[in-house]
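*Asks:* dropping the sequence and predicted coords here.
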Amino acid sequence: MTTSTEAPLDPSARPLRILIAKPGLDGHDRGAKIIARALRDAGMEVIYTGLRQTPEMIAEAALQEDVDAVGLSILSGAHKTLLPRVVEAMRERGLSDVPVFAGGIIPDEDIPDLKAAGIAGVFGPGAPIAEIIAFIRTHTPIRER
Amino acid sequence: MVADLMSDRRALARLITQIENGAPEARQLVTRLYRRGGRAHIVGVTGAPGCGKSTLVAALARQLRVHAPDAHVAIIAVDPSSAFSGGAILGDRLRMRSLAGDAGVFIRSMASRGALGGVAAATADVVEVLDAVGFGTIFIETVGAGQLEVDVARIAQTVVVVEAPGAGDEVQAIKAGILEIADVVVVNKADREGATQTVAALQSALDIGRPMPAAGLHAIDPSHHLQAPEQPGPSAEWRPPILKTVASHEEGIAAVIAALEEHRQHLQLSGAGARRRARAVEQDVRARLGDLLLRRALRAVPQTHYNALIAGVIERTLHPLEAAEQLFIASWGQ
Ligand code: B12
Ligand SMILES: Nc1nc2c(ncn2[C@@H]2O[C@H](COP(=O)(O)OP(=O)(O)O)[C@@H](O)[C@H]2O)c(=O)[nH]1
Ligand SMILES: [Mg+2]
């Protein structure tokens, strides 16, 4: 019913769907946009929800969009309270199996606590994009498709 | 089970992913659900990038939810896939914050995955599922790349074409193609200068560009084998209204909702809706048949023969039509 350039005949060509969101009130969105673009260029479908998302909004978007992973960008300093709340809101919706990772300005000493709270990985300034992509690929569970 | 999908949003979301990926597991459920559809009002929203489609859809959905809290609303927002990586940035949710927290609204972003008609190949099947599950209104926001985006007219019952002021007369002329599928025209960003001129330009474009009422689908596929064109007559006549909105401030939204409802009633009362659906169904079945035949043909032809023919076209020792004919004959023989 649609004209197509690529042959959509191979159903196993299944792009990963990743939500990139910014919890909290800070307006630093450069990093999130860079990551979104890099993941697109790596062949992923990136749902970008923009600034000032509450943990509930992020979890709800993750559910409706059926994403394979959620990436959070935070530079406000509120990561220790906000990131665990996103994990919790996702858990409440039965999304415990969807990995959550984060980036932005997050001091190294906070990382163990975040990991204990369910954040699977943290990527600060200068983290190589290739590393982030490899992380996503290894952490997204192989689903029924 | 259908009610389950309305309350189990994760199962619904997963089913949509399976449909998008052409997963064979989804097929049985999709075909079963199809039999229960046909109640939703399916509204396509198209127009150039940045004209305010996402903002408008959010405003429409929000006010629909206020006026009819029992009716659930679904939104499918399509954005383009990168031709290079196959990836995509799906950013329409960004403008739909006002819907957050409303459990009666389901928003799904969808990448076009190579389809050029403004929607994805899976959009129609996903719409059918949302319809069967019980959503009262389903909005489809198209990619917004230009005048070729007419596929949405085959899925939607009512097509809203959005335009922003300041585009100028010459642009309106180019847009005549997309105007042909318009059932409702919205001039958004009416807070900006030039909205009145844009309305006037669109009005004259509509007057010139509409030789026949509801000509949209004939223009897409004039095949003789399809249903005969509807007879122009007073009952079939629908003149697309042109409405001004400021979607970002939810101004003018009630008039758009009224026009959508009016158009829906017109489709029912005039019989135009049934004719439109008959055409769309026929096109859909044919497209799917074409797909099956293509797959079958490609399966039947030995890879070496296929490669040789393609190579022949590349070297210009064969015309593409000759290669296709030979493939056709080769596949038929098996
Ligand atoms: C540019 C900037 C701004 C710009 C933002 C423009 C914009 N639209 O983004 C402006 C001028 C608006 C601004 C304002 C403010 N800023 Co400022 N700003 C910066 C600055 C200098 C650079 C940030 C940046 O864009 N970096 C470039 C991007 C590409 O890097 P990045 O975001 O870190 O992203 C990389 C990684 O972190 C990672 N990443 C990021 N997100 C994600 C997500 C995922 C999923 C992954 C995997 C990886 C990842 O990958 C990216 C690429 O490597 C930083 C200082 C710094 N060195 O970081 C301060 C900084 C972030 N700002 C700060 C502050 C305090 C403010 C203000 C409150 C200042 C004020 N008092 O007014 C305001 C607040 C504005 C607001 N509304 O929130 C503080 C934050 C302090 C804290 N965290 O405790 C910082 C750290 C400066 C400082 N040292 O004090 N700021
Ligand atoms: N001035 C003005 N801006 C608007 C209006 N509606 C939307 N916008 C803005 O136009 C931009 C594009 O809107 P969006 O809904 O994303 O457009 P889309 O690309 O067609 O989906 C955003 O910055 C909106 O805030 C409006 O009525 N007036
Ligand atoms: Mg949009």
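*Replies:* Received, thanks. All values derive from a computational prediction rather than experimental measurement. Ligands and ions are numbered 1, 2, ... in the order given.

*Asks:* list the contacts of B:Gly194.
*Replies:* B:Gly194 sits next to B:Pro165, B:Gly166 when contact means C-beta atoms under 8 Å, 6 or more residues apart in numbering or on different chains. Glycine gets a C-beta too; all of them are placed from N, C-alpha and C.

*Asks:* moving C-terminal of the top strand by length along chain A, what's the next helix or strand?
*Replies:* In chain A, with assignment by DSSP state E, the single longest strand is strand A:45-53. Downstream of strand A:45-53, the next assigned helix or strand under DSSP states H and E is helix A:55-64.

*Asks:* and the angle from that next one to strand A:45-53?
*Replies:* Using axes from the mean of the first three to the mean of the last three C-alpha atoms, to 10 degrees, the direction of helix A:55-64 lies 160 degrees away from that of strand A:45-53.

*Asks:* so what does helix A:55-64 touch, helix or strand wise?
*Replies:* strand A:17-23, strand A:45-53, strand A:69-74, helix A:79-92, helix B:9-20, strand B:105-111 (3 or more C-beta pairs under 8 Å, 6 or more residues apart in numbering or on different chains; DSSP states H and E).

*Asks:* what residue in the stretch 101-250 of chain B comes nearest to ligand 3?
*Replies:* Nearest residue of the stretch 101-250 of chain B to ligand 3 (C-beta to the ion) works out as B:Glu141 at 5.7 Å.

*Asks:* so how many other residues sit close to B:Leu60?
*Replies:* Residue crowding around B:Leu60 was assessed by other C-beta atoms under 10 Å in any protein chain shown; the count is 26.

*Asks:* may I have the helix or strand encompassing it as CSV, with CA atoms only?
*Replies:* In the assignment (DSSP H and E), B:Leu60 maps to helix B:53-67. C-alpha atoms of helix B:53-67 as CSV (Å, rounded to 0.1, in the frame of the first residue of the first chain):
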residue,chain,number,x,y,z
LYS,B,53,0.8,19.3,13.4
SER,B,54,1.9,17.7,16.7
THR,B,55,0.8,20.7,18.7
LEU,B,56,-2.5,20.7,17.0
VAL,B,57,-3.1,17.0,17.5
ALA,B,58,-2.3,17.4,21.2
ALA,B,59,-4.8,20.3,21.5
LEU,B,60,-7.5,18.4,19.6
ALA,B,61,-6.9,15.3,21.7
ARG,B,62,-6.9,17.2,24.9
GLN,B,63,-10.2,19.0,24.2
LEU,B,64,-11.8,15.8,22.9
ARG,B,65,-10.9,14.2,26.2
VAL,B,66,-12.4,17.1,28.2
HIS,B,67,-15.7,17.0,26.2
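
*Asks:* so what strands line up beside the helix or strand that that helix is followed by?
*Replies:* Using DSSP H and E, the helix or strand that follows helix B:53-67 towards the C-terminus is strand B:73-79. For strand B:73-79, the paired strands and their directions (DSSP bridges) read strand B:105-111 (parallel), strand B:137-141 (parallel).

*Asks:* ok so, going back, does any part of the helix holding B:Leu60 sit near ligand 3?
*Replies:* Yes: for helix B:53-67, a contact with ligand 3 is found by C-beta under 5 Å from the ion, at B:Lys53, B:Ser54.

*Asks:* taking the centroid of chain A, which residue is nearest it?
*Replies:* Nearest to the mean C-alpha position of chain A, by C-alpha atoms, centre = their mean, lies A:Gly71 at 1.8 Å.

*Asks:* how near is the spatially closest residue to it that is not a sequence neighbour to ligand 1?
*Replies:* In space, and not counting its chain neighbours, A:Gly71 is closest to A:Ile20: 4.8 Å by C-beta to C-beta, 6 or more residues apart in numbering or on different chains. Note on A:Ile20: its distance to ligand 1, by C-beta to the nearest ligand atom, to the nearest Å, is 6 Å.

*Asks:* surely A:Ile20 and A:Glu45 touch.
*Replies:* No: A:Ile20 is beyond contact range of A:Glu45, at 11.0 Å (criterion: C-beta atoms under 8 Å).

*Asks:* where does the stretch 1-150 of chain B dip in pLDDT?
*Replies:* For the stretch 1-150 of chain B, applying pLDDT under 70 flags the ranges B:1-3, B:145-148.

*Asks:* per-residue confidence at B:Pro320?
*Replies:* Note on B:Pro320: pLDDT of 97.

*Asks:* could you find the closest non-adjacent residue to it?
*Replies:* B:Val313 (5.3 Å).

*Asks:* mind listing the helices for the stretch 151-300 of chain B?
*Replies:* B:152-155, B:168-174, B:176-179, B:195-209, B:216-220, B:253-270, B:272-300 (DSSP state H, counting those that start in this stretch).

*Asks:* tell me what the residue nearest to the centre of chain A is bridged to.
*Replies:* Following DSSP bridges, A:Gly71 is listed with bridge partners A:Ile20, A:Phe101.

*Asks:* how much space is there between it and B:Leu94?
*Replies:* 16 Å (C-beta to C-beta, to the nearest Å).

*Asks:* also B:Tyr34?
*Replies:* From B:Tyr34 to B:Leu94 the distance is 32 Å (C-beta to C-beta).

*Asks:* what's the answer for B:Leu206, then?
*Replies:* B:Leu206 sits 31 Å away from B:Leu94, taking C-beta to C-beta as the criterion.

*Asks:* among those two, which residue is more densely surrounded?
*Replies:* Shown here are B:Leu206 and B:Leu94; by other C-beta under 10 Å, B:Leu206 has more neighbours (20 against 15).

*Asks:* partners of the closest residue to ligand 2 within chain A in the sheet?
*Replies:* Closest to ligand 2 within chain A is A:Gly50: 10.4 Å, counting by C-beta to the nearest ligand atom. Per DSSP bridges, the residues bridged to A:Gly50 are A:Ala21.

*Asks:* that one is in contact with B:Gly91, isn't it?
*Replies:* Yes: with contacts counted by C-beta under 8 Å, A:Gly50 reaches B:Gly91, the gap being 7.5 Å.

*Asks:* more neighbours: which of those two?
*Replies:* Ranked by neighbour count (other C-beta under 10 Å), A:Gly50 and B:Gly91 place B:Gly91 first, with 19 against 16.

*Asks:* list the contacts of the residue lying closest to the more buried one once chain neighbours are set aside.
*Replies:* Distance criterion C-beta to C-beta, 6+ apart; nearest residue to B:Gly91, sequence neighbours excluded, is A:Tyr48 at 4.8 Å. Contact partners of A:Tyr48, counting by C-beta under 8 Å, 6+ apart, are A:Ile20, A:Ala21, A:Ala32, A:Lys33, A:Ala36, B:Ile89, B:Leu90, B:Gly91, B:Arg93, B:Leu94.

*Asks:* got any ranges where chain A has weak pLDDT?
*Replies:* The model of chain A has pLDDT under 70 over residues A:1-13, A:142-145.

*Asks:* apply 90 and report the result again.
*Replies:* Within chain A, the stretches with pLDDT under 90 are A:1-14, A:26, A:50, A:141-145.

*Asks:* for residue 94, which three-state class applies?
*Replies:* Picked chain A for this. coil (DSSP: H, G, I helix; E, B strand; the rest coil).

*Asks:* chain B, not that one
*Replies:* For B:Leu94, the assignment made with three-state DSSP gives helix.
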